[in-house]
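Asks: take this sequence and fold it.
(one chain, ligands or ions: 2)
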Amino acid sequence: MVARTRQATTSPKSALQSMNEPCELCEAARLTEWFYEDETCWIAECEQCYVPMVVWKQHDPAPPAALRDTMMELLGVVVRESYCFDGFYVDDNMRSIPAHYHAHARPRGGFFGHGLRRTDL
Ligand SMILES: [Zn+2]
Ligand SMILES: [Zn+2]
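Replies: Ligands and ions are numbered 1, 2, ... in the order given. A predicted model of the protein is given here:
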């Protein structure tokens, strides 16, 4: 067999990622439009559920109660402004990313928000 030139496949970034589980919410890839952002949190549409979710800007599963209340309020504002939910509930069961606080606003009686985004704005 002929010796081939090996390509370097290990960059410092990928080495780091294999050591620490990369966190989707920390990376906060702006794949979807952000409805809101401030110094504590951001709100965007969840890619899986098509509902708005609020994400704390700290990698921590348990924000102080006051902060949590503020985030809930902001989430409520986004729901009322940008979605046609006939009532909603806040779901902060963190199924896929349990280490980083985030909460979904889901339509009453449902889980996904397909087609409920306001488009007339
Ligand atoms: Zn979701
Ligand atoms: Zn995180």
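Asks: C-alpha only now, for contacts and for neighbours.
Replies: Noted.
Asks: so where do the strands sit in this protein?
Replies: Ranges of strands in the chain, per DSSP state E, are 34-37, 41-45, 52-56, 88-91, 102-107.
Asks: for Leu116, which of those strands is the nearest?
Replies: Checking the strands of the chain against Leu116 by C-alpha to C-alpha gives strand 102-107 as the closest, at 8.7 Å.
Asks: and that closest one with ligand 1, contact?
Replies: No - applying C-alpha under 5 Å from the ion, one finds strand 102-107 separated from ligand 1 by no less than 6.5 Å.
Asks: just want the angle from that strand to strand 41-45.
Replies: With axes from the mean of the first three to the mean of the last three C-alpha atoms, to 10 degrees applied, the angle from strand 102-107 to strand 41-45 works out at 40 degrees.
Asks: could I get strand 102-107 in PDB with only the CA atoms?
Replies: Provided in PDB are the C-alpha atoms of strand 102-107 (Å, rounded to 0.1, in the frame of the first residue of the first chain):
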ATOM      1  CA  HIS A 102     -35.400  26.400  29.500                       C
ATOM      2  CA  ALA A 103     -39.200  26.300  29.300                       C
ATOM      3  CA  HIS A 104     -41.600  25.800  26.400                       C
ATOM      4  CA  ALA A 105     -45.000  27.600  26.100                       C
ATOM      5  CA  ARG A 106     -47.400  25.000  24.600                       C
ATOM      6  CA  PRO A 107     -50.900  25.500  23.300                       C
END
